[in-house]
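# Sequence first, then the predicted structure, then my questions.
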Amino acid sequence: MKPNFLLFITDQQRADHLGCYGSRAARTPSIDAIAARGWTADRFYTATPICMPNRASLMTGRMPSRHGVRHNGIELSLDETTFVDQLRAAGYATAHVGKSHLQNIETLPPAYPREGEPRLAREARREAGGQEAGRHGQEIWKRWEDDPEADIETPFYGFETVDLVIHHADTAYGHWRRWIRKQVKDADRLIGPENAAPAPGIELAKCRQAWRTRVPEELYPTAWIADRTIARLRELSKAGKPWFVHCSFPDPHHPYTPPGRYWDLAKPDDVPAPPSFHAPHRGLAPHMKWLYGMRDTGRAVKHTQMLFACSEREAREAIAFNHANNACIDDAIGRVMAELTALGLTKDTVVIYTADHGDFAGDHQLLLKGPLHYDGLVRVPFIWVDPAGPKGARSNALTQTTDIAATVLDRAGVPAWNGLQGKSLLPLTKGSASLRERLLIEEEGQRYYMGFPDRVRMRSVVTDRHRLSLFDGAPWGELYDLREDPQELVNLWDDNKALRGELSEALGRALIEHSETSPYPTRIA
């Protein structure tokens with residue numbers, strides 16, 4: 001009998017902000033209970049620490065350089081195969097609830113056309129309002145606001161039903177915004193920083209990275225996503241065939257707007273700064289000096305999506321609100337898991353928990369996310385609960401977002417497709433010690449900052465012991481001994497040129513390993 005799958009994913013959640021990953025401040029009993037029932041990967045990394053390309057990597061099992069979604073705003077091609085496509089073709093019922101972000105959510109299209117895009121294709125895209133022709137452009141928030149009939153055309157990358165949330169916090173759009181407007185008269189007056197309740201003393205409120213939402217807990221997007229997931233589980237329990245449900249929360253991503261009682265759950269004054277905040281750094285690279293200089297001269301940009309160097313107070317607030325949002329998510333997951341049990345589905349369902357990327361949350365005096373591959377940003381939670389698998393097991397093997405597709409297909413007994421780059425984690429859950437010698441992390445930035453003359457582009461290789469990062473156009477880089485220096489305080493780039501060369505070779509080999517291999521050339525006798 002084929003198993004069901006329930007995949008939980010959060011947005012911008014650090015692994016070490018969960019109790020099951022060692023946090024003493026976290027209030028995540030439901031997620032911790034999931035971990036106690038299954039297998040936990042302690043070294044699970046993103047393919048890239050950016051929302052849209054990493055979600056595309058999750059769906060396709062391929063790196064951003066292969067599926068083409070190199071940064072936010074580039075839509076996942078409808079020609080790409082997703083593992084949900086494969087499940088659906090094999091007879092699975094499929095449903096998505098919450099944040100998708102496989103297509104552009106903003107009104108601006110990519111600044112340049114796809115490389116090698118034919119002229120006629122460019123003209124068709126221009127006529128479609130700047131987006132790709134066909135079924136692209138479905139997640140643009142303004143489309144949903146301007147057209148009350150706008151909806152997702154299914155199947156959507158393999159999903160037969162979609163309950164959509166666009167954006168983050170209490171300013172989300174999509175199906176949730178339509179729903180809350182039906183529940184509350186003038187619902188928009190509850191939403192956003194301009195309608196927020198007073199939040200005296202909160203520094204992040206001054207730059208609109210946090211506000212005390214007036215949206216009640218039971219109407220907040222996190223609660224709605226849990227409610228819709230429960231409704232889908234009830235429907236699918238009667239479908240008479242296996243199913244896959246994707247439950248995707250937009251939090252704890254900034255801006256931080258934990259609703260109701262969650263706002264005061266963790267006090268910034270009671271939250272310590274992370275160990276790396278005050279620790280001395282050695283071999284600090286120029287881009288870090290640039291960030292600190294912007295802060296120290298009062299020029300840091302704090303109201304956008306860009307990372308910035310922060311004060312200790314801002315770091316404490318971000319950590320407190322992260323814990324608050326995580327607790328809100330945990331309660332929602334607890335309700336979904338309770339329904340799974342009530343429906344008698346736990347014995348037939350594989351439960352998966354992960355995040356699309358992490359958050360600096362004060363590490364190295366930084367907030368939000370950006371092209372610095374510190375552990376808090378690139379390492380995320382991954383939990384696999386299989387009724388036929390181990391309980392309470394953990395692994396230190398190098399694993400990655402691209403492995404999710406391969407693992408689900410392997411467990412479902414559904415063939416993979418040519419070009420899948422991830423590897424099945426099932427051997428690790430059964431006791432194997434390792435899966436790979438190294439893994440690659442890609443990043444293609446959108447912004448011109450941090451002292452770079454062009455948008456920031458970088459690649460990192462992570463091995464059992466080290467992390468090496470190279471930046472396009474820069475004569476310097478980063479090199480850390482993760483075993484001796486887990487806080488990544490000492491950049492060894494200039495200290496150990498032999499090790500730098502060894503890891504540069506490892507990065508080169510990783511790049512070759514992840515280059516496209518299909519279609520194979522014609523075989524000549």
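The structure has been received and is ready for your questions. Residues are numbered from 1 along each chain as shown.

# From the centroid of this structure, which residue is nearest?
Nearest to the geometric centre of the chain sits residue 356, at 1.4 Å (CA atoms, centre = their mean).

# ok, now how distant is that one from residue 248?
Using CB to CB, to the nearest Å, residue 356 is found at 9 Å from residue 248. Every C-beta, even on glycine, is put in place using the N, C-alpha and C of the backbone.

# Repeat that for residue 395.
Per CB to CB, residue 395 is found 25 Å from residue 248.

# so which helix or strand takes in the nearest residue to residue 416 once chain neighbours are set aside?
Beyond its immediate neighbours in the sequence, the residue positioned closest to residue 416 (CB to CB, 6 or more residues apart in numbering) is residue 409, lying 5.3 Å away. Element membership for residue 409, per DSSP states H and E: helix 403-412.

# Quick one: residues in contact with that helix.
Applying CB atoms under 8 Å, 6 or more residues apart in numbering, the contact partners of helix 403-412 are 2-3, 5, 7, 58-61, 82-83, 86-87, 90, 92, 242, 244, 350, 352, 354, 382, 384, 386, 415-416, 420, 422-426, 435.

# following it, which helix or strand shows up next?
For helix 403-412, the succeeding helix or strand toward the C-terminus, using DSSP H and E, is helix 426-429.

# if we can go back for a sec, if I look at residue 356 and residue 248, which residues touch both of them?
Here residue 356 and residue 248 have 9, 10, 11 as joint contacts, going by CB under 8 Å, 6+ apart.

# Checking my notes, the second one in a strand, right?
Yes. According to DSSP: H, G, I helix; E, B strand; the rest coil, residue 10 belongs to a strand.

# quick one, what contacts it?
248, 249, 251, 252, 326, 329, 354, 355, 356.

# So for residue 129, what's the pLDDT?
Residue 129 carries a pLDDT score of 50 in this model.

# Hmm, residue 87 is touching residue 414, no?
Yes. Using CB atoms under 8 Å, residue 87 is in contact with residue 414, at 6.1 Å.

# Look at these two and report which has more neighbours.
Between residue 87 and residue 414, residue 87 has the larger neighbour count (other CB atoms under 10 Å), namely 23 against 18.

# mind listing what the more buried one touches?
For residue 87, counting by CB under 8 Å, 6+ apart, the contacting residues are 5, 94, 158, 244, 408, 409, 412, 414.

# repeat that for 7 Å
94, 158, 244, 412, 414 (CB atoms under 7 Å, 6 or more residues apart in numbering).

# Name the SS class of residue 164, please.
strand.

# That one contacts residue 177, doesn't it?
No. With contacts counted by CB atoms under 7 Å, residue 164 stays clear of residue 177, the gap being 9.8 Å.

# Helices of the stretch 51-200 of the chain, start to end?
51-60, 64-67, 83-89, 119-127, 141-146, 175-183 (DSSP state H, counting those that start in this stretch).

# which residues are in contact with stretch 298-316?
Outside stretch 298-316, the residues within contact range by CB under 7 Å, 6+ apart are 203-204, 207-209, 268, 271, 273, 277, 291-292, 294-295, 360, 362, 365-370, 447, 449.

# starting at the chain centroid, how far to that stretch?
Per CA atoms, centre = their mean, to the nearest Å, the displacement of stretch 298-316 from the mean C-alpha position of its chain is 21 Å.
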